[in-house]
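Colleague: Just to be clear, the model below is a prediction. Sequence and coordinates:
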Amino acid sequence: MVKPSAGPTTFEEVVMCRWLAYSGEPLKPAVLILDAQHSLVAQSLNSPLGAETVNGDGFGFGWYPEDTSEGNIPALFHSIEPAWHDENLHELTNAIASPLFFGHVRAAAHPPIQQSNCHPFRYQNWLFMHNGFLDGFTKMKRDLAFSVDSELFPLIQGTTDTETLFYVALTMGLMDDPVAGLGRALRFVEETGHKYGIQFPVQGTFAVSDGTRMWAFRYSSAQRSRSLFHSVAVPELREMFPDAARLDVFGDHAKVVVSEPLNDMPGAFVEVPENTVAVLDDDGYRHEPFLSEAA
């Protein structure tokens, strides 16, 4: 496969972001979004591994309830403010505790900066977010939109490639099998892009959750995906760093997936390989191949 020498074919389609996802014992999201050494808010100001070092074009926060007796539908908070500037984000992430939450900061050249374009996106009990872009999305948009189930299509509120991809994936079986459903959706995007002469249509890392499990994907058509890491098991971290008081806030089942490591502790984060999905559940982490065959 030929490697690209540059980025996307059209500047208007670039959307670069950073994200994190947590699951485990209920935790105040501020611990990771605000307070960590390289927190998500810190990365929104300075992202060394990102395509854009500043991610100030809005943010999103989605969280599942600590008490699921009345259901497990996640709540959303979206803002077009820079994450570092929004006092409501500070208030909210310090006021609640959640066993599973997503955080996302955005750097967008296009589409418009508006709340409906902020990640994560929600359908029923599912959350979805993405760091990267669908190259040539404006050329493919009509084809992708027509592939969405007619009952789902009216639910699309924004103009992003990510939200459209989410609904394509829902149409193609994401809720029955997230790995197979997203895989079918990305292959369809690639087939559609090739039809329009787009060499490498897909770029990114993707996070999906049903409120119980989490799937984190690293994939791009050019095999040069955005960075993706997850933490090692907390009991292992405690053995590695017995004097690290910062670990006391985490339970034994705490798991974090991030675009960039949240601290400089050696060995605390493991890079997710290309063409891989990291599956996070009560048993911990496991890696599985994802779209490893040639497109």
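Modeller: Here it is on my side, so go on. Numbers count the residues shown, from 1 in each chain.

Colleague: okay, and for the stretch 51-200 of the chain, where does confidence drop off?
Modeller: Within the stretch 51-200 of the chain, the stretches with pLDDT under 70 are 51-57, 82-85, 106-111.

Colleague: For it, which segments count as strands?
Modeller: 59-63, 75-79, 98-108, 121-123, 126-134 (DSSP state E, counting those that start in this stretch).

Colleague: Relative to the longest one, what are the paired strands and their orientations?
Modeller: Strand 98-108 has these partner strands in its sheet, going by DSSP bridges: strand 15-27 (antiparallel), strand 59-63 (antiparallel).

Colleague: residues contacting His78?
Modeller: 58-61, 115-116, 118 (Cβ atoms under 8 Å, 6 or more residues apart in numbering). Any C-beta I mention is one placed from the backbone N, CA and C, and that applies to glycine too.

Colleague: can you rerun that using 7 Å?
Modeller: 60, 115, 118 (Cβ atoms under 7 Å, 6 or more residues apart in numbering).

Colleague: cool, and Ala254?
Modeller: Ala254 sits next to 24-25, 27, 234 when contact means Cβ under 7 Å, 6+ apart.

Colleague: That one and Ala30, how far apart?
Modeller: 15 Å (Cβ to Cβ, to the nearest Å).

Colleague: What of Asn94?
Modeller: 4 Å.

Colleague: which of these two has more neighbours?
Modeller: Ala30 (19 against 15; other Cβ atoms under 10 Å).

Colleague: Surely Phe229 touches Gly267?
Modeller: No: contact criterion Cβ atoms under 7 Å: Phe229 and Gly267 do not qualify, at 11.5 Å.

Colleague: quick one: which of these two has more around it?
Modeller: Applying other Cβ under 10 Å to Phe229 and Gly267 shows that Phe229 carries more neighbours, namely 22 against 10.

Colleague: Tell me how far that one lies from Glu293.
Modeller: Where Glu293 is concerned, Phe229 sits at a distance of 25 Å (Cβ to Cβ).

Colleague: What of Asn131?
Modeller: For Asn131, the distance to Glu293 - Cβ to Cβ - is 23 Å.

Colleague: likewise Phe269?
Modeller: According to Cβ to Cβ, Phe269 stands 28 Å off from Glu293.

Colleague: Asp283 too?
Modeller: Asp283 is 27 Å from Glu293, by Cβ to Cβ.

Colleague: Please apply the same query to Gly103.
Modeller: 32 Å.

Colleague: neighbour-wise, which of Phe269 and Glu293 wins?
Modeller: Neighbours were tallied for Phe269 and for Glu293 using other Cβ under 10 Å; the higher tally belongs to Phe269 (20 against 7).

Colleague: That one reaches Leu228, doesn't it?
Modeller: No: checked against Cβ under 7 Å, the pair Phe269 and Leu228 is beyond contact range at 10.0 Å.

Colleague: Checking my notes, Pro235 in a helix, right?
Modeller: Yes: the assignment for Pro235 by DSSP: H, G, I helix; E, B strand; the rest coil puts it in a helix.

Colleague: Tell me how far the closest residue to it other than its chain neighbours lies from Ala233.
Modeller: Closest residue to Pro235 apart from its sequence neighbours, by Cβ to Cβ, 6 or more residues apart in numbering: Asp252 at 5.6 Å. Using Cβ to Cβ, Asp252 is found at 8 Å from Ala233.
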